[in-house]
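Asker: pasting the sequence and the predicted model now:
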Amino acid sequence: MLNERERRPVSSLVRKVFLSLPRATKRKNSGVLHAHYEKVSTVAKLLTGLAQKDVEIASIRLDKRKVLLTISPHELYASIIVTLINRLYLDGVISGIDEIVLVASRMNTNRKLNISFSESVVNRMSGTNFNINIVKPSDDKCLQAVDFVSWALWQKYEKADNTYSDLVTDKIVKEYVMYE
């Protein structure tokens with residue numbers, strides 16, 4: 001939820017890390033960094049660089065085994081996003097922000113599903129100046145940085161490996177658990 005001026009340093013970091021990759025690796029990943037496919041040195045480089053930027057990280061995690069999937073995955077994802085934003089607002093993390101613009105990764109090529117997801121989130125955020133932009137990760141370098149942070153937190157909680165999350169621990173302002 002950064003404005004364009006605040007997003008520039010993160011975008012530049014992702015671009016710089018991408019440009020440091022060997023030519024063969026650049027060709028394989030089509031201009032998009034994805035933590036799952038990168039070497040550990042690349043993941044560490046990006047997370048270490050992110051730790052030096054003026055950013056704050058908030059996360060919410062959900063154990064899918066605790067949820068009966070009676071709703072679509074898109075509705076569940078929308079619910080998780082709304083819960084995170086509401087908790088951040090109640091905790092005062094984003095209470096002074098006039099407009100919230102959420103940039104979400106395009107989940108698939110089905111335009112109707114993406115529009116339905118957007119409308120679902122925006123409709124649940126009534127009373128706030130809230131917008132959502134759905135873009136491809138190749139078009140928004142900050143989404144690629146978010147992927148690395150998500151992957152690092154996944155390593156922490158699913159693999160009991162704090163190696164990567166420890167690189168950005170100082171930037172994490174809130175961690176929530178849904179349906180604890």
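Answerer: On my side now, so go ahead. Numbers count the residues shown, from 1 in each chain.
Asker: residue nearest the centroid of this protein?
Answerer: The residue lying closest to the centre of the chain (CA atoms, centre = their mean) is V146, at 3.7 Å.
Asker: so what's that one up against?
Answerer: Neighbouring residues of V146 by CB atoms under 8 Å, 6 or more residues apart in numbering: there are none. Every residue, glycine included, has its C-beta placed from N, CA and C.
Asker: how about the helix or strand containing it: buried residues?
Answerer: Assigned by DSSP states H and E, V146 belongs to helix 141-158. By neighbour count on 16 or more other CB atoms under 10 Å, the buried set for helix 141-158 is 141-149, 151-156.
Asker: list just the nearest of these to N29.
Answerer: Of all the buried residues of helix 141-158, N29 sits closest to Q144, with 10.1 Å by CB to CB.
Asker: correct me if wrong: that closest one contacts G31.
Answerer: No: if you go by CB atoms under 8 Å, Q144 and G31 don't touch, sitting 9.6 Å apart.
Asker: K16 versus the closest residue to R15 other than its chain neighbours, what's the distance?
Answerer: If you skip the residues right next to it in sequence, R15 has K141 as its closest partner in space, 6.0 Å away by CB to CB, 6 or more residues apart in numbering. Distance from K141 to K16, counting by CB to CB, to the nearest Å: 10 Å.
Asker: show me where the chain has helices.
Answerer: 4-19, 23-28, 40-51, 73-90, 111-124, 141-158 (DSSP state H).
Asker: of those, flag the one that's most buried.
Answerer: When you average the neighbours per residue for each of the helices of the chain (mean count of other CB atoms under 10 Å), helix 141-158 leads with a mean of 20.
Asker: so how far is that one off the chain centroid?
Answerer: Averaged C-alpha coordinates place helix 141-158 at 7 Å from its chain's average position (CA atoms, centre = their mean, to the nearest Å).
Asker: outside of stretch 28-43, which residues touch it?
Answerer: The contact list for stretch 28-43 (CB under 8 Å, 6+ apart) reads 14, 17-18, 21, 46, 137-138, 144, 147-148, 150-152, 164.
Asker: what about 10 Å?
Answerer: Applying CB atoms under 10 Å, 6 or more residues apart in numbering, the external contacts of stretch 28-43 come out as 14-15, 17-18, 20-22, 25, 44-47, 136-139, 141, 143-152, 154-155, 163-164, 167.
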